[in-house]
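Enquirer: Compute the structure for the input listed below.
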Amino acid sequence: MLMATSFAIVLSEFLPPSLLPQMAAALGVSEGQAGQAVTATAIAGFVAGPSAAILVPRLDRRTFTGSLTLTAAVSNALVAVSENFVLLMAARLLLGAITDWRVVFLALAALAAFPDPRPGQQLPVRHEPRRSPAARRRRRAPASRARPSRG
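Expert: Below is the predicted model of the structure:
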């Protein structure tokens, strides 16, 4: 289920840019205005991010996944049948929030699934500590020459 919902949400993110001319013609707006539906999704994700970090850890994972899936389906259905630009934008804003919450949920699920004494090691993004220039030079320095053996 997790893979299927992730596929559907990502598909709904990448499909509209390829359909902008058809969307614009159906809604009676310019292609630039129809393109704002893509921008609205990104803006909603940006705004919803901080709330996701607060809300997601407190919710039941199964309930949250189901509600995200249902809400994404409703949002996509509204986009598909919208004959009004305002309805399209509202549905895309909702989808942006859902997408961002989904990313936060998946990151937290990865942390919970693989407990580690060093949190963050399960995620593909790692933070490398800053080193002083001298430490960087020592690290890049070639291995020392082998000492001649005394025999």
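Enquirer: ok now do A40, which residues does it touch?
Expert: Residues counted as contacts of A40 (C-beta atoms under 8 Å, 6 or more residues apart in numbering) are M89, R92, L93, G96. Backbone N, C-alpha and C define where each C-beta goes, glycine included.
Enquirer: Helix, strand, or coil at the second one?
Expert: In this case it means R92. Three-state assignment for R92 (DSSP: H, G, I helix; E, B strand; the rest coil): helix.
Enquirer: Highest neighbour count among the contacts of A40?
Expert: When the contacts of A40 are compared by neighbour count (other C-beta atoms under 10 Å), R92 ends up highest, at 26 neighbours.
Enquirer: Go ahead and confirm it touches A37.
Expert: Yes. Counting by C-beta atoms under 8 Å, R92 touches A37, with 4.5 Å between them.
Enquirer: Quickly list what's touching both of those two.
Expert: Counting by C-beta under 8 Å, 6+ apart, the residues touching both R92 and A37 are P16, V79.
Enquirer: quick revisit: for the contacts of A40, give me TSV that also has pLDDT and distance to R62.
Expert: Converted to TSV, the contacts of A40 look like this (pLDDT from 0 to 100; distance: C-beta to C-beta, whole Å):
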residue	pLDDT	distance to R62
M89	93	31
R92	91	27
L93	92	26
G96	89	23
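Enquirer: List just the nearest of those to Q22.
Expert: Here the nearest of the contacts of A40 to Q22, counting by C-beta to C-beta, is R92; it sits at 15.5 Å.
Enquirer: contacting residues around the closest one?
Expert: With contacts taken as C-beta under 8 Å, 6+ apart, R92 has the following neighbours: P16, A37, V38, A40, T41, A44, S75, V79.
Enquirer: For the first one, give its distance to L27.
Expert: Right, the one you point to is P16. Per C-beta to C-beta, to the nearest Å, P16 is found 12 Å from L27.
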